[in-house]
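> Fold the following.
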Amino acid sequence: MNAPLLQREASAAQATLHLFALFHLNLAFSSIEEDARGEVIRRCYWPLLELAKSHGPIGIELTGYTLEEIEARDPAWCREAKRLVAEGHAIEDGKVVIRKSAAPAA
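Numbering: from 1, shown residues only. Next up is the predicted model:
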């Protein structure tokens, strides 16, 4: 049967898909040389904070080691991440999540 779709069927077919992006940050990844970590923060991690501010929601998850390395190399990144969280740009508002992961069990 080739009858046209009813209006209610057409509306259901045009539903919007909502997605959520989650980024995992890991400076201890074996292919990242230690002397390149500052560049990774500058070229990869800072743009994620900008993305959260302008086009959220996004999620950012990082290891405790990575958080400590970022703090040692670029403390302004951590301050900006904290500021975004303090302003309500947390998971509840769908912008950015910064969480220090627990160390893996031995």
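
> For stretch 19-30, the averaged confidence score.
Here stretch 19-30 scores 86 as its mean pLDDT.

> let me redo that: stretch 85-99
51.

> and if you look at stretch 41-59?
For stretch 41-59, mean pLDDT is 86.

> backbone phi and psi for the nearest residue to His24 once chain neighbours are set aside, please?
Nearest non-adjacent residue to His24, counting by Cβ to Cβ, 6 or more residues apart in numbering: Glu61, 5.3 Å away. From N, CA and C alone the C-beta is placed, and that goes for glycine too. Backbone torsions for Glu61, taken as degrees, to the nearest 10, come to phi -120, psi 130.

> ok, now how distant is Glu61 from Thr16?
Distance of Glu61 to Thr16, computed by Cβ to Cβ, to the nearest Å: 26 Å.

> So for these two, which sits in the more crowded spot?
Neighbour count, other Cβ atoms under 10 Å: between Glu61 and Thr16, Glu61 has more, with 15 against 4.

> Using CSV, write down the CA coordinates of the helix or strand containing Phe23.
Following DSSP states H and E, one finds Phe23 within strand 21-25. Extracted in CSV, the C-alpha atoms of strand 21-25 (Å, rounded to 0.1, in the frame of the first residue of the first chain):
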residue,chain,number,x,y,z
ALA,A,21,30.8,13.3,23.9
LEU,A,22,33.2,12.0,26.6
PHE,A,23,36.9,12.7,26.3
HIS,A,24,39.6,10.6,28.1
LEU,A,25,42.8,12.5,28.9
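
> quick one on the thing from earlier: surely the residue nearest to His24 is in contact with Leu48?
No. Here Glu61 does not reach Leu48: they are 11.0 Å apart, not a contact under Cβ atoms under 8 Å.

> Understood, closing this out.
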